[in-house]
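In: starting from these lines, generate the structure:
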Amino acid sequence: MTTPRTEIAPGYAISRVIKGGWHLAGGHGAIDQIQAIDDMASFVRAGVTTFDCADIYTGVEELIGSFHTRHPDLVGQVQIHTKYVPDLQSLAQLRPSDTEAVIDRSLRRLGVERLDLVQFHWWDYGVPGYVEAAQTLSALQRKGKIRLVGVTNFDVERLAELIEAGVRVAAHQLQYSVLDRRAEHGMVAFCQRHAIALLCYGTVAGGFISERWLGKPAPTGEFTNRSLTKYKLIIDDFGGWSLFQELLHALRAIAHRLGTDIASVSGRLTLDWPGARAVIVGATHAGHLARNAGLASLALSDADRATVAAVHARSSGPLGDCYTLERDREGRHGRIMKYNLSKAAAAG
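Out: Here you go, the predicted structure:
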């Protein structure tokens, strides 16, 4: 089965399922580096040719660079999306030379001459400089170091500022899933007007959207990884554990009819939404590769969508624009974030 592709800019196509790299950065269990590199090759051969990483994902850009060395025959098929996430503590002093230095670092780590897509994030809109930083990325694009400029976790107001300043934004990576539809509060419409592709993460909620949690009581205590901590808060905002269980049962009924699993149905539903061009699936191994690669080809019915919509009709959130909850550093979501990882990733 070939994973469908989509063109997000003239002459630039990606797989509609993107292999995420956050889970390879630590905090999700031990990683066998050689196996992880060979797993990347398995994904490419299955048609999942687009990889997502970041300057702040410790060791992941280097891991993908090692993939290039170990599997040179596959390099020409691969698209690498990374991020530029300056530390919160450095925002007020950020200079164009700082931005270029991080881009150069990503080029060295990945072992490439040009970055396919750089997705820009800014932690605190109260600190001026995000428009200028995005313009620096545009300048580096003209210089040939970046092919496409994107953003991640922006809200509508600030994304509009970038567009008005002349930054050509090709893609927006954002949390958009059956649990989190904040993108529908203006972002989807804005991105459609400006031909900005939505690259969606969170579609499996760190593993919560799976058979493993179907019919189980709400978890208590500390979680084994950062993803579960993050997405349990989203479940609470969605409407709580009981409504979440109703959603899982609805997804399981659809999965049973299609001969697949809950996570795949969740991803397929997201891909059907306006503007959603790809879903990012975090994977530490290739154990679920066949289903990951095939989810974009699933054929959902109107009845399937109506079943999930009936659950959504009773959902209470999350509320607000994209990533607004996470930006409140005193709030439930913001308190678990790590805001100064760029320098730490450089040291690592």
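In: quick one, helices of the chain?
Out: Listed in chain order, the helices of the chain (DSSP state H) span 33-45, 60-70, 96-110, 130-142, 156-164, 187-193, 226-238, 241-258, 262-271, 289-294, 302-312, 324-327, 342-347.
In: who does the first one touch, helix- and strand-wise?
Out: Applying 3 or more C-beta pairs under 8 Å, 6 or more residues apart in numbering; DSSP states H and E, we find helix 33-45 packed against helix 60-70, helix 289-294. For glycine as for every other residue, the C-beta is placed from the backbone atoms N, C-alpha and C.
In: what is the mean pLDDT for it?
Out: For helix 33-45, mean pLDDT rounds to 87.
In: thought residue 40 was touching residue 67?
Out: Yes. Using C-beta atoms under 8 Å, residue 40 is in contact with residue 67, at 4.6 Å.
In: run a quick check on residue 149 versus residue 172, I expect a contact.
Out: No. The pair residue 149 / residue 172 is not scored as a contact, 10.9 Å apart, by C-beta under 8 Å.
In: of those two, who's got more company?
Out: Using other C-beta atoms under 10 Å as the criterion, residue 149 and residue 172 rank with residue 172 on top: 27 against 23.
In: need the contact list for the more buried one.
Out: 119, 150, 151, 152, 154, 159, 187, 191, 196, 197, 198, 199 (C-beta atoms under 8 Å, 6 or more residues apart in numbering).
In: so where's the stretch 1-150 of the chain shaky on pLDDT?
Out: By pLDDT under 70, the low-scoring segments of the stretch 1-150 of the chain are 1, 22-31.
In: er, the stretch 151-300 of the chain actually
Out: For the stretch 151-300 of the chain, the stretches with pLDDT under 70 are 283-288.
In: how much space between the spatially most central residue of the chain and residue 227?
Out: In the chain, the residue lying closest to the centroid (C-alpha atoms, centre = their mean) is residue 201, at 3.7 Å. Computed as C-beta to C-beta, to the nearest Å, the residue 201 to residue 227 distance reads 10 Å.
In: list the contacts for residue 300?
Out: Residue 300 makes contacts with 254, 258, 265, 268, 269, 272, as judged by C-beta under 8 Å, 6+ apart.
In: can you check residue 336 too?
Out: With C-beta under 8 Å, 6+ apart, residue 336 has these contacts: 226, 229, 230, 233.
In: between those residues, which is nearest residue 132?
Out: Proximity of the contacts of residue 336 to residue 132 (C-beta to C-beta) peaks at residue 230, which lies at 29.9 Å.
In: tell me, how many neighbours does residue 98 end up with?
Out: Look at residue 98: counted by other C-beta under 10 Å, it has 15 neighbours.
In: isn't it up against residue 90?
Out: Yes. Counting by C-beta under 8 Å, residue 90 is a contact partner of residue 98 at 7.3 Å.
In: for the spatially closest residue to residue 9 that is not a sequence neighbour, what are its contacts?
Out: In space, and not counting its chain neighbours, residue 9 is closest to residue 170: 4.8 Å by C-beta to C-beta, 6 or more residues apart in numbering. Remark: with contacts taken as C-beta under 8 Å, 6+ apart, residue 170 is in contact with 8, 9, 12, 117, 148, 149, 150, 196, 197.
In: next one: residue 213
Out: By C-beta under 8 Å, 6+ apart, residue 213 lies in contact with 207, 248.
In: what about 10 Å?
Out: 205, 207, 219, 228, 235, 241, 244, 245, 248, 262 (C-beta atoms under 10 Å, 6 or more residues apart in numbering).
In: now swap in residue 103 and tell me
Out: By C-beta under 10 Å, 6+ apart, residue 103 lies in contact with 55, 82, 84, 115, 118, 136, 137, 140, 141, 143, 145, 146.
In: the same query, at a cut-off of 6 Å, please.
Out: 140, 145 (C-beta atoms under 6 Å, 6 or more residues apart in numbering).
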